[in-house]
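K.L.:
Got a predicted structure plus its sequence, pasted below:
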Amino acid sequence: VLFRSGSDIDDLILVIHPEMLMTPSIISETSSCNRRAVLKSKLSSTGLVSKPAFVGTMRHALFEACMKDSEFDSLFAQRVIKKLIREKAEMLIGCNVSEAEIEREVLSMLPMIQRFAGKYTTLRRDVIMSSDVGSPVGGVACHPDICLLSKAVHSVEESIVSPGLGLKGVIDAVMETESTIIGHKQSPISSSSAVRDTNNAGPQRSLMCFELKTGHNQNVQNVHMAQLSLYTIMLQSRYGAQVRLEDNIIFGSHSNTDYDVKGAAPGGILLYLNHESQQISHISPRLNEIKTLISQRNVVASGLRRASSPRGIVLSYEEGNREENDQHPTARLLPATAAELPELKANLHACKRCFSNRECMLYAASDSAIDFESHRELLTQFTGHLKEEDFAYFRKWDRLIDIEADASKSNTSAAWLVRSEEHTSELQSRQ
């Protein structure tokens, strides 16, 4: 159950394999390709570093440092950048760029950080706010417009785990905010009135998550909206949220106490910042959107479970001694088969632009059961130099890694099968 509102709206969701904690960034990948989402979950990071990724990481760190310390002058920014370059020297060498070039590109975003802080926060001591209710932030599509004013930084790079939802992730920034809904827009699937003015309800003081994007493309993307929506419900699962449901729309409850933070907000802020401009949008996920995202999370979890499951293993027991040797059977490995991954995407053009196409084509070429005629060009590019013995070697070690991972993981699923009182009692008895 997502919310306790007394409403007759169905807010029940099913979480499959909750012990497999998925990240919002991985789940959002399913909007374009299930195979890529499963591959990224299975392989984590390839270790390869590109210049755009490194610059993005540095810009994130600069934004978080400025917000956390309420310092926005160029001298502070230069000190932060130099420190970050020393800490990430391996990445700098890996992407083959100079220290001066990285420092110049990262520092170029500082004016936009200053502009954001002066307009939407009270953190800049050299700026007097022109309004006590903040500045307007537009909602994307049917998401409501709000007036936003950030009073303080609650945390940066906050790690959140939501076992009940099977989610984990790191939020760029969590701010203590005051927000007022300017009006709510009509949903294309709802029969509610087009706009209802809620200004009289007063500001809602709550924790709100901020998702930062520093790339050149500042158009709001569905992938980013999905990430922020999941971070929003994860924040609510940790800090609680006073919300109500009306016609599938989630609203925050306004507090009568002006300076009392009332849990997590029903929405979050998607912030696009680069050296040229900024774009800020409010995303408040609806109930049906949350259910869809959790369903996609289940798709990734199920796909990852199939792709990483031990395969080609035969267990045998001594005749007549099954019960005595149940914990120590004899295992025999059959010839390794390829991991079972979701099907290849039919769109070859999209595959050519994919950041995971190298790994994807390797797995495809190692699986003789796949008809990859449509992807012959990519397969030749990435695996044309490999022979059958190379693929056999890859299948062998990929399976061994999966077996080791399966044997070493803790039995986390047991926590969902035992009542909390029994689990606590068992832990206390071991002490």
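P.N.:
Perfect, I can see it now. None of these values were measured; they are calculated from a predicted model.
K.L.:
Next, Q218: phi, psi?
P.N.:
phi -110, psi 20 (degrees, to the nearest 10).
K.L.:
quick one: it and N274 touch, right?
P.N.:
Yes - Q218 is in contact with N274 according to Cβ atoms under 8 Å; the separation is 7.0 Å. All C-beta atoms are positioned from the backbone trio N, CA, C, and that covers glycine.
K.L.:
Mind checking which of these two has more residues around it?
P.N.:
Relative neighbour count places N274 above the other of Q218 and N274, with 20 against 15, counting by other Cβ atoms under 10 Å.
K.L.:
my guess is that one meets G215, correct?
P.N.:
Yes - the pair N274 and G215 passes the contact test of Cβ under 8 Å, sitting 6.9 Å apart.
K.L.:
got the residue ranges for the strands in the chain?
P.N.:
Counting by DSSP state E, the segments of the chain that form strands are 135-137, 145-162, 167-183, 204-213, 243-246, 249-252, 268-273, 278-283, 313-316, 330-333.
K.L.:
Mean confidence (pLDDT) on the last one, please.
P.N.:
It refers to strand 330-333. For strand 330-333, mean pLDDT rounds to 81.
K.L.:
Likewise for the first one?
P.N.:
The predicted model assigns strand 135-137 a mean pLDDT of 92.
K.L.:
what does the fourth one give?
P.N.:
Per-residue pLDDT values over strand 204-213 give a mean of 92.
K.L.:
could you give the angle of it to strand 145-162?
P.N.:
Here the directions of strand 204-213 and strand 145-162 differ by 80 degrees (axes from the mean of the first three to the mean of the last three Cα atoms, to 10 degrees).
K.L.:
now the angle from strand 204-213 to strand 167-183?
P.N.:
Between the axes of strand 204-213 and strand 167-183, defined by the same axes, to 10 degrees, the angle is 120 degrees.
K.L.:
Repeat that for the second one.
P.N.:
Counting by the same axes, to 10 degrees, strand 145-162 lies at 160 degrees to strand 167-183.
K.L.:
just the CA coordinates of strand 145-162, formatted as PDB?
P.N.:
C-alpha atoms of strand 145-162 as PDB (Å, rounded to 0.1, in the frame of the first residue of the first chain):
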ATOM      1  CA  ASP A 145       3.000  24.600 -11.400                       C
ATOM      2  CA  ILE A 146       4.300  25.700  -8.100                       C
ATOM      3  CA  CYS A 147       6.100  28.600  -6.400                       C
ATOM      4  CA  LEU A 148       9.300  27.300  -4.900                       C
ATOM      5  CA  LEU A 149      11.600  28.700  -2.300                       C
ATOM      6  CA  SER A 150      14.500  26.500  -0.900                       C
ATOM      7  CA  LYS A 151      15.400  27.500   2.700                       C
ATOM      8  CA  ALA A 152      18.200  25.100   3.400                       C
ATOM      9  CA  VAL A 153      20.200  22.100   2.100                       C
ATOM     10  CA  HIS A 154      19.100  18.900   4.000                       C
ATOM     11  CA  SER A 155      21.700  16.700   2.300                       C
ATOM     12  CA  VAL A 156      23.600  16.100  -0.900                       C
ATOM     13  CA  GLU A 157      24.300  12.700  -2.500                       C
ATOM     14  CA  GLU A 158      21.900  11.100   0.000                       C
ATOM     15  CA  SER A 159      21.900   7.400  -0.300                       C
ATOM     16  CA  ILE A 160      18.400   5.900   0.100                       C
ATOM     17  CA  VAL A 161      17.300   2.300   0.300                       C
ATOM     18  CA  SER A 162      13.600   1.300   0.100                       C
END
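K.L.:
Can you give me the buried ones in that strand?
P.N.:
Neighbour counts over strand 145-162 (16 or more other Cβ atoms under 10 Å) mark 145-151, 153-156, 158, 160, 162 as buried.
K.L.:
From the chain's centroid, how far away is that strand?
P.N.:
Centroid displacement of strand 145-162 relative to its chain, using Cα atoms, centre = their mean, to the nearest Å, is 15 Å.
K.L.:
ok so, going back, mutual contacts of N274 and G215, please.
P.N.:
Between them, N274 and G215 have no joint contacts when contacts are counted by Cβ atoms under 8 Å, 6 or more residues apart in numbering.
K.L.:
about what we covered before: show me which of the buried residues of strand 145-162 is closest to R79.
P.N.:
For these, the residue nearest R79 by Cβ to Cβ is V156; the value is 17.2 Å.
K.L.:
Just the pLDDT at that closest one, thanks.
P.N.:
Per-residue confidence at V156 stands at 95 (pLDDT).
K.L.:
wait, doesn't it sit right on A173?
P.N.:
Yes - A contact is recorded between V156 and A173 when judged using Cβ under 8 Å, the distance being 5.0 Å.
K.L.:
Identify the contacts common to those two.
P.N.:
Common neighbours of V156 and A173 (criterion: Cβ under 8 Å, 6+ apart): E64, M67.
K.L.:
Could you find the closest non-adjacent residue to T177?
P.N.:
Excluding its sequence neighbours, the residue lying closest to T177 (Cβ to Cβ, 6 or more residues apart in numbering) is M208, at 4.5 Å.
K.L.:
Tell me who's in contact with the one you found.
P.N.:
Contact analysis of M208 by Cβ under 8 Å, 6+ apart lists L148, S150, V174, M175, T177, S179, A264, A265, G267, G268, I269.
K.L.:
Looking at these, which one is closest to Q114?
P.N.:
Relative to Q114, and with distances defined as Cβ to Cβ, the nearest of these is S150, at 14.3 Å.
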